[in-house]
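S.K.: here are the coordinates; sequence isn't available:
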């Protein structure tokens, strides 16, 4: 997002149905430089599944995903099911931040603080989980904004 301090990576998202098998996906994306991302821990958030969010009851399989990394392009690719709530949340959240300078500034401050705590650590799980606390605070706001503005 222009004007927002961030890690030097581009986050990309692909929503597809059905979610392809890891081998099929790798066969198509490895030639483009994308490799399967591995988490720092066996239960690393956001690698094989997104953290469940929201109040709507959904099939637990909607949280399944693949996470790929392209070192040359400095890009992370999140491959989610087309019906993944996270697929919508990420777009709504981005658009809400673009429209809400105060929220954008607050989010940037949270990210800067968490990044400072992360210096020298190879395990980014704590950063990811702590950043999720911000989403917990604002999810109702960006969902309400999206309901009016999409």
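M.R.: Structure received. Just so we're clear, the structure is a prediction, and the values are computed from it rather than from any experiment. Numbers count the residues shown, from 1 in each chain.
S.K.: can you count the residues close to the nearest residue to residue 29 once chain neighbours are set aside?
M.R.: Excluding its sequence neighbours, the residue lying closest to residue 29 (C-beta to C-beta, 6 or more residues apart in numbering) is residue 68, at 5.9 Å. Using the backbone N, CA and C atoms, a C-beta is placed for each residue, glycine as well. By other C-beta atoms under 10 Å, the residues close to residue 68 number 22.
S.K.: which SS state does residue 68 fall under?
M.R.: Under DSSP: H, G, I helix; E, B strand; the rest coil, the three-state class of residue 68 is strand.
S.K.: Could you report the distance from residue 95 to residue 89?
M.R.: 11 Å (C-beta to C-beta, to the nearest Å).
S.K.: Likewise for residue 68?
M.R.: On the measure of C-beta to C-beta, residue 68 and residue 89 end up 20 Å apart.
S.K.: OK, contacts around the residue nearest to residue 29?
M.R.: 25, 29, 34, 35, 36, 37, 76, 77, 79 (C-beta atoms under 8 Å, 6 or more residues apart in numbering).
S.K.: Please confirm that residue 72 is located within a strand.
M.R.: No - counting by three-state DSSP, residue 72 falls outside a strand, being coil.
S.K.: Quick check: it vs residue 9, distance?
M.R.: Distance, residue 72 to residue 9, using C-beta to C-beta: 12 Å.
S.K.: more crowded one of these two?
M.R.: Neighbours were counted for residue 72 and for residue 9 using other C-beta under 10 Å; residue 9 has more, 13 against 8.
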